[in-house]
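1. Any chance you could fold what I've pasted below:
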Amino acid sequence: AGLGVAAPHGSPGAVVAPACLLAGAGGVALLLHGGRWQFTGRRMPFVSAGAVLAVVSLAVVLLAALGRNQSVVALLASLVAVAVASAALLAVTGARRARGRDTSNGTGTPRRPHPLNNLVGATLGLAACTAGALQTLAEHSPERLVVTDGVTHVAGPLVPLMLHTGLIAAAAGIAVALVVVPLAALRGRRLPHLLAVPSTTRLFTPGVVAVGLLLRVGALLTFNDARRDAGDPFFYHVTANLLAHGRGFIEPVTWVGTGGELASALHGPAFPAALSFWSRLGGTGYLDQQIASIVLGLPQIVGVILLGHLLLGRRAALIGGLLAVAYPNIWVTDGTLFVEGLMAGFTTFATVCAYRYHATRRTRWAVAVGALVGLAALTRGEALLLVPLLLVPLVLRARDIEWRRRLQQTAIGVAAFVAVLAPWMIYNTPRFNVFVPLSTNSNEVLFYANCDDVYSGPAIGFWSFACQVRYREEFGEPPGDQAEKAEFWRSEGIAYAKAHWQRLPKVVIARVGRQWELFRPGQTIDFAMVEDRPTGAVRAGQWMYYGLMLLAAAGTWGLRRRGRPVWPLWVQALAVTLTAAYAYGTLRFRAPFEPILCVLAAAGIVALLDHRLRRPAATAGPPDAATVAAPSTTQEATV
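-> This is a model prediction of the structure:
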């Protein structure tokens, strides 16, 4: 830990990196073998081990003070220091158990280690990361750097930088624990039994989420670092800062340009309201809010894990969580300051609650589905499709309860949905001359998606802002407030679609084809430049998407064989398809289905693994009648 605190900015990587790797290897070895050393009598006092690590760290610090290098090296040194601190702490905990201390609660039952034992190392990482992480984060916030007489200073509040540093340090500590604790538990056990180890299962969800956070932040600080100072990210960024200063939901472009305050409901309120909490702490820069966006997108991973566990148990939860961490179409969105990550989190948890309702038929789960769909609709308006597609069929299909009870639960669930939306609708009523239930953008987009540029040619099925620019140049700006203007653009878009109804079926097919990357998939990568998505990540996400879809087909087959309902999963795909048919096909609109795709792919991998494991038994010969009549305990447990 002292390495990360004392190593100055500009430490030489040639000295720091090997020493850090050596210290990290010593910490991991201490964890894996410390308990055995104490138990077998070959004592290696932990004071001596700690002294060795301290001497190594001190030597590295002294040598590092003599050289220069970039801040990324200092950040790497800090993260390795987190690994050392976490591993050493876990080693001490394991040694205490091995010596027989604190292993029983007085009843003869072994006492489980407290879950916080695995997280204290992350707390130590808060101090270990300060030297490298603060400088690296500051360098990615140009508005925070001030150069005076050749010396670079960090301007503005340090609270958001410390908050981000704490998140990175905590994620690093938990990720280390996710790796080393299973390795320690693996001694004397076979790999398939590892998921049954309590210390491993308790660490799995926070560990996978921590790895997801590190991956997303790492991408943000390297290749996914384009500044989102235009379009929707600009709207969310400025609106969050305006909310933090008590100015409400006003039009950000007008306020930045002229200082005027015009009422705005261009997008839903949920995402900028969530970002405003970071702004209230002083995190008003793009990097601050991009990290906040990453944090808001992490619940998707938790939802995938919960869905996998509900449907198929621990294996599906493990595989699905890892897929959600690695899938570029999920983590790229989380760092782009777009709203889809938060919306996908709400819709994924709505699906979790739908399966809870299917298992229990309790009213509270129907209420939870309605409330979560309402929150998703406040994030992106098209989520309201889940009311008729998910909530209503979910309750009405519950044939094991009486019809009157089903109607009551449906009404209560819809009431919960309306109750979530009601404050926003009431807030908008006096601000506009026309009723605005969610946002004005859903009306305006009809003009972008219904014009000459996107009804033929290479951009068919997409959208074109140039159409609106040409209309303004020829006819001027339509009159009225923002809601009245949106109604005007909506009427113009519908009028164009009616006038060109012969081409509309072809355009709708192109939209849906683009949505599922079946029509001109190469343009998906080209059009990603519009949203400043890294081309390499989009290309990797496209290939992984095709593979996941193949696995999803096998997963659907496997779930149906086990008697699990699959329509609550695929209804997300139907909602995405309807959205594309109404508006246009784009990668962003598929975001609510991406976590579900990871769940289905995990189910497909589980089904293929089970099929492969059954093959040797099938080739060994037909089972006898007694075996068929009396299945084994293992088979019963599996079912």
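2. tally of neighbours for Gln290?
-> Residues near Gln290, counting by other CB atoms under 10 Å, number 27. C-beta here means a position set from N, CA and C on the backbone, and glycine is covered the same way.
3. so who does it touch?
-> Contact criterion CB atoms under 8 Å, 6 or more residues apart in numbering gives Leu220, Arg228, Gly335, Thr336, Leu337 as the residues in contact with Gln290.
4. Can I have the buried ones of the residues you listed as a ChimeraX selection?
-> With 16 or more other CB atoms under 10 Å as the criterion, this ChimeraX line picks the buried residues out of these:
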select :220,228,335,336,337
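5. quick one: average pLDDT of the one helix or strand Ala138 maps to?
-> When secondary structure is defined by DSSP states H and E, Ala138 falls within helix 130-139. Helix 130-139 shows an average pLDDT of 66 in the prediction.
6. next helix or strand past it?
-> Toward the C-terminus, helix 130-139 is succeeded by strand 145-148 as the next helix or strand (DSSP H and E).
7. Give me the buried positions along that following strand.
-> For strand 145-148, it's none, nothing buried (16+ other CB under 10 Å).
8. Quick one, which of the contacts of Gln290 has the minimum pLDDT?
-> Scoring these by pLDDT puts Arg228 last, at 66.
9. quick one on the thing from earlier: same list (the contacts of Gln290) but as JSON lines, adding secondary structure and distance to Phe271.
-> Listed next are the contacts of Gln290 as JSON lines, based on DSSP: H, G, I helix; E, B strand; the rest coil; distance: CB to CB, whole Å:
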{"residue": "Leu220", "secondary structure": "helix", "distance to Phe271": "17"}
{"residue": "Arg228", "secondary structure": "coil", "distance to Phe271": "13"}
{"residue": "Gly335", "secondary structure": "coil", "distance to Phe271": "14"}
{"residue": "Thr336", "secondary structure": "coil", "distance to Phe271": "12"}
{"residue": "Leu337", "secondary structure": "coil", "distance to Phe271": "9"}
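10. Low-confidence ranges, this protein, go.
-> Filtered on pLDDT under 70, the chain yields the residue ranges 1-135, 151-152, 177, 179-202, 227-229, 613-639.
11. Ala398 contacts Leu407, correct?
-> No - here Ala398 does not reach Leu407: they are 11.1 Å apart, not a contact under CB atoms under 8 Å.
12. okay, these two: which has more neighbours?
-> Legend: neighbour count by other CB under 10 Å for Ala398 and Leu407, higher for Ala398 (18 against 12).
13. contacting residues for the more buried one?
-> When the contact criterion is CB under 8 Å, 6+ apart, the partners of Ala398 are Tyr357, His358, Arg361, Arg406, Gln409.
14. so the last one is in which element?
-> Spelled out, that is Gln409. Counting by DSSP H and E, the secondary-structure element that holds Gln409 is helix 403-428.
15. which is the next helix or strand following that helix?
-> Moving toward the C-terminus from helix 403-428, the next element (DSSP H and E) is helix 441-448.
16. What helices and strands are in contact with that next one?
-> The elements that helix 441-448 packs onto, with contact taken as 3 or more CB pairs under 8 Å, 6 or more residues apart in numbering; DSSP states H and E, are helix 465-475, helix 482-499.
17. right, and those helices - which one's nearest Ala244?
-> helix 482-499 (21.8 Å; CB to CB).
18. What is the burial count for Val508?
-> When neighbours are counted by other CB under 10 Å, Val508 comes out with 17.
19. Sorry, wrong one. I was asking about Ala411.
-> 12.
20. i'd like the first residue to be 338 from this point on
-> With the count now opening at 338, the last piece we talked about shows up as Ala748.
21. how about Leu726, secondary structure?
-> Of the three states, Leu726 takes helix under DSSP: H, G, I helix; E, B strand; the rest coil.
22. Do I have it right that Leu603 meets Ser776?
-> Yes - in this structure Leu603 lies within contact range of Ser776 using CB under 8 Å: 6.2 Å.
23. and these two? which has more neighbours close in?
-> Just comparing Leu603 and Ser776: by other CB under 10 Å the higher neighbour count belongs to Ser776, 25 against 19.
24. Was I right to think the more buried one contacts Ala602?
-> Yes - counting by CB under 8 Å, Ala602 is a contact partner of Ser776 at 5.4 Å.
25. Helices of the stretch 488-637 of the chain, residue ranges please.
-> Remark: helices assigned in the stretch 488-637 of the chain by DSSP state H, counting those that start in this stretch are 496-522, 535-557, 568-581, 589-595, 607-617, 623-634, 636-649.
26. Out of these, which gets nearest to Ala803?
-> With distances scored as CB to CB, the stretch of the helices of the stretch 488-637 of the chain nearest to Ala803 is helix 568-581 (14.3 Å).
27. outside of that closest one, which residues touch it?
-> With CB under 8 Å, 6+ apart as the contact definition, helix 568-581 has outside contacts at 565-566, 585-587, 589-590, 592-593, 601, 603-604, 608-610, 612-613, 615-617, 621, 623, 626, 673-676, 868.
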